[in-house]
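Structure, please.
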Amino acid sequence: MGAHMREFLFLWIILVIFSFKTSGLTCSSKCGSALEECSCQATCLSLTNCCSDYNQSCFQVSPYSSSMLGGRALRILGLTLPPDGRALCRFKGESEQQGIIDEEGHLYCISPLLYETGWISFDVSTDGTDFDRSGEYLSVHPSKADPSFEVTLVNATLWQNYGTPDMVGPLRMTWNSSLVESENVNVELWGYRETSRSTARSSSLQAEMSYLYSIARNISNTGDFSFIPDPREEFSVWELGNIRITASSKSEGERNIQALWSGGHVLAWHLEQSFRDNSSGWAQKKCLQWDNLEKKLPNFLEELIDCPCSLAQARADTGRFHTDYSCNIETGSVCTYHPGSIHCVRAVQASSSHGSGQQCCYDNMGALVLTGDSVGGSTPDRAHDWGSPPYRAPPRVPGYSHWLYDVMSFCYCCLWSDLCHIYLNHRPSSECRRYQPPRAGVVFGNLHFTTFDGLSYTFSGRGEYYLVLSADKDLSVQARTEQLKLKDGTLVKATQLSSVAMKENSSDVIEVRAADDHLQVLRNQKILSFTEQRWMDLRGVFVFAPSPQNVTVIFSSGAAVELRLHEGTMTATVLLPPEFSNHTSGLLGRMNSDPSDDLMTQSGEVISSANATLEETFAFGGGWNISNMSSLFTYDSHYLLDSYFFPSSHDPAFVPAFSLPLKPDDLLVADMLLMCLGEGAQFCIHDTLISRSLAVGNATLRAHQDHQALMEALKPVVSCGWLPTPRNGKKNGTHYLQGKTLGFTCKEGYKLYRSTERTCLEEGMWTGEQPYCITDDKVGYILGAVGSLTALITMVITIKLHSRKQARERKEEPLEMVTQSQIG
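Got it, this is the predicted structure:
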């Protein structure tokens with residue numbers, strides 16, 4: 001009994017000492033840190049080493065996203081307070097507001113009005129002094145916010161063009177009444193503008209979203225409201241804005257409260273009476289004012305990337321271009337602003353100096369549509385629709401800067417008046433003559449590589465390796481491989497891709513893992529959820545996840561990594577723009593159009609791909625293993641720590657099966673040979689035999705075929721550039737790529753002078769000369785004038801040559817005299 005008592009006392013003393021030692025270890029104000037005895041990092045949840053207050057101090061929120069306009073109630077998870085308690089929410093260390101505590105003690109913070117997108121940090125104080133609890137939420141472009149929380153403007157065309165001919169009557173809006181917890185609501189109009197702010201040293205623009213006036217107050221919250229708008233002379237300077245609906249108990253224009261917003265739109269419906277009296281004349285005046293302003297602004301067009309020459313290129317170049325959802329072939333959306341086009345893309349990145357954006361639209365033949373041929377052509381933007389870092393300052397405010405600089409002017413010149421040629425003169429389509437498609441490398445199956453220069457080889461090592469390393473561009477793409485396990489649990493002598501981690505410059509670290517039947521995405525070791533948003537704007541990187549098996553990571557340089565999961569097998573495709581030429585190394589080779597040096601080791605030794613044995617290729621691959629210091633991976637389980645972090649990042653004990661003989665009596669072989677046909681058959685056969693699965697072999701074949709289709713889409717295309725239509729004539733065709741021929745004709749009463757046809761050559765030049773259309777009575781005059789001009793030019797040249805000869809003779813005479821006197 002005494003022994004048991006002594007043992008109990010010993011354990012009690014140890015517990016007291018440990019409790020005393022860790023009592024000061026808290027995650028308060030330390031989220032993301034690893035402490036001595038416990039952790040405040042996101043990985044602590046799976047490693048079960050979190051500090052006791054981790055969930056309360058480093059909180060999650062639901063929902064995790066909100067429109068940058070704000071007004072969404074974000075619930076703080078894992079924190080319960082007294083219903084009569086008090087809490088403060090502080091966003092980005094600046095905006096402070098009162099938290100809301102419901103009857104069950106749940107705390108809510110209302111997302112504020114911001115002028116930026118991306119993850120927004122905020123802190124919570126429960127004592128009114130110390131903001132020692134922290135979390136973050138995703139601020140998104142208003143067009144990407146949850147549509148159920150949006151005020152719908154019924155008949156958007158009427159709202160946008162109200163006051164123009166035949167655009168009259170009541171305006172109607174609807175909303176989800178259950179989202180405003182009040183029997184009565186207020187309907188407000190808010191306006192957006194960018195104003196000049198001057199200091200003693202500089203002048204800059206400042207974004208301003210302000211309350212203008214109430215359309216209705218204390219009306220019944222039915223979710224449906226209509227009104228007939230009156231002209232508001234005193235507010236006509238505000239031409240862009242949003243409707244906001246709040247509980248009737250809230251003050252007019254009160255900020256950072258729970259609210260529903262409409263989409264941003266042109267406020268034609270409240271403009272001055274003179275607009276309604278003569279909308280065309282009013283718009284023409286505005287268009288001409290805009291024309292004068294544009295002429296004074298910097299030329300942003302020279303800084304933009306050229307458009308891809310074909311729709312196939314545009315959709316394949318995922319590192320630099322992304323679907324413009326207002327004109328999307330996949331959803332069948334009507335291309336309202338680009339008639340004649342079936343699909344448009346926008347450049348992902350805004351231009352560095354001006355924050356401008358490129359837009360490229362294509363017709364049903366996949367050809368680039370140009371404004372020189374159609375008002376529905378591609379139009380670049382002075383302000384990128386998605387904004388650009390650092391966002392908050394114009395013209396980089398997401399959505400709103402674009403509306404002010406590019407959409408309002410389109411309304412003035414094209415929708416409300418007949419001066420569209422002025423708009424298109426400032427927003428001409430970019431051609432594609434300078435466009436160069438990216439290069440692509442891929443790793444797929446068990447484990448096959450195709451380098452940027454087209455070399456194919458197999459390396460089935462187990463560990464963590466560099467797929468791409470570019471010290472000059474500060475890009476690192478790393479791959480983790482694991483031993484292949486069959487459905488019955490048997491391990492075979494082959495490996496497959498299990499995770500890819502990547503980072504460029506000071507961007508967030510992104511890791512994409514294969515997790516059963518989906519891909520799991522981590523940002524800085526923290527799992528990202530895509531239940532609310534498919535597109536995420538992160539620090540120095542975008543992540544797009546259209547489905548659980550499809551993720552694309554896009555960096556600021558235009559580099560992209562596409563991850564796909566099929567039949568449990570992960571495929572990684574890396575796309576690099578031409579700027580990476582001669583600046584890459586790793587398992588995907590040196591990108592320089594020379595496959596012979598793709599098997600270059602970390603020390604710079606080149607292994608001949610023509611003569612390399614399977615064992616030599618295996619040794620080459622193993623040499624590209626990463627170190628713990630350079631690893632970008634997350635080790636959030638004991639399995640990952642024991643398998644990859646503590647041992648060598650290349651398992652030297654694992655030796656794959658280098659060859660698999662075909663056995664005639666193998667029942668799998670017959671079906672395999674029927675399936676594994678064409679280019680890539682060798683990879684299909686290898687993986688079918690190694691995995692004993694036709695499905696795995698078929699997934700490998702499909703991955704190889706997808707890569708071949710990608711390479712076909714990215715083939716360089718020669719463009720000869722746009723050709724104008726002759727005045728008083730017609731141009732037959734609007735395609736300007738190699739092999740295309742354009743024909744030219746003239747209207748009745750005119751004759752064609754010069755080439756009737758011009759063909760685009762491989763050299764990027766057109767055959768023939770630019771044609772002209774002239775009337776019959778002027779043909780003789782022009783030809784006579786041409787003849788007279790030729791004679792005049794000939795006479796001038798003759799006189800010039802004769803004058804030069806005389807001058808030369810005068811210079812030679814003194815020389816002759818000197819020479820003769822010397823002789824004499």
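
three-state assignment of S251?
coil (DSSP: H, G, I helix; E, B strand; the rest coil).

Excluding chain neighbours, what is closest to the residue nearest the centre of the chain?
What sits nearest the mean C-alpha location of the chain, by C-alpha atoms, centre = their mean, is V348, with 3.5 Å. Among residues not flanking V348 along the chain, H322 sits closest, at 5.2 Å (C-beta to C-beta, 6 or more residues apart in numbering). C-beta: built from backbone N, CA, C; applies to glycine.

what does the average pLDDT come to for the helix or strand encompassing A283?
Assigned by DSSP states H and E, A283 belongs to helix 279-296. When pLDDT is averaged over helix 279-296, the result is 97.

Let me know the next secondary structure element after that helix.
helix 311-316.

for that following helix, packing partners?
strand 321-323, strand 343-347, strand 359-362, helix 694-713 (3 or more C-beta pairs under 8 Å, 6 or more residues apart in numbering; DSSP states H and E).

hang on, isn't the residue nearest to V348 packed against H343?
No. Here H322 does not reach H343: they are 11.7 Å apart, not a contact under C-beta atoms under 8 Å.

measure stretch 107-115 end to end?
25 Å (C-alpha to C-alpha, to the nearest Å).

Kindly apply the preceding question to stretch 310-329 instead.
14 Å.

What of stretch 376-383?
End-to-end for stretch 376-383, by C-alpha to C-alpha: 19 Å.

What residues sit buried inside it?
For stretch 376-383, burial by neighbour count (16 or more other C-beta atoms under 10 Å) applies to G376, G377, S378, T379, P380, D381, R382, A383.

Phi first, then psi, for the third one.
What that stands for is S378. Here is the backbone geometry of S378 (degrees, to the nearest 10): phi -60, psi 140.

which residues touch it?
C307, H338, C344, Q359, C360, C361, L368, V369, L370, T371, S429, S430 (C-beta atoms under 8 Å, 6 or more residues apart in numbering).

Most widely separated two among those?
Spatial extent of the contacts of S378 (C-beta to C-beta) is set by the pair H338 and S430 at 14.4 Å.

could you measure the nearest residue to G99 once chain neighbours are set aside against F744, distance?
Closest residue to G99 apart from its sequence neighbours, by C-beta to C-beta, 6+ apart: A87 at 3.6 Å. Computed as C-beta to C-beta, to the nearest Å, the A87 to F744 distance reads 74 Å.

Could you check which of the two is surrounded by more residues?
Taking other C-beta atoms under 10 Å, A87 and F744 do not tie; F744 has more neighbours (23 against 20).

ok, that one - contacts?
T725, P726, G729, K730, K731, N732, L752, S755, T756, E757, R758, P771.

Can you report how many residues neighbour the last one?
The one in question is P771. 23.

how near is it to P577?
Counting by C-beta to C-beta, the gap from P771 to P577 is 38 Å.

for F654, same thing?
F654 is 36 Å from P577, by C-beta to C-beta.

my read: D474 touches N505, true?
Yes. D474 is in contact with N505 according to C-beta under 8 Å; the separation is 4.7 Å.

ok, back up a step: H338 and S430: which is more packed in?
H338 (25 against 22).

sorry, back to before: for the contacts of S378, which one is nearest L153?
Distance to L153 across these (C-beta to C-beta) is lowest for H338, with 21.7 Å.

tell me the contacts of the closest one?
C327, C344, C361, V369, G376, G377, S378, T379.

quick one, the helix or strand that I685 is a member of and helix 694-713 angle?
Assessed by DSSP H and E, I685 sits inside helix 681-691. Using axes from the mean of the first three to the mean of the last three C-alpha atoms, to 10 degrees, the direction of helix 681-691 lies 150 degrees away from that of helix 694-713.
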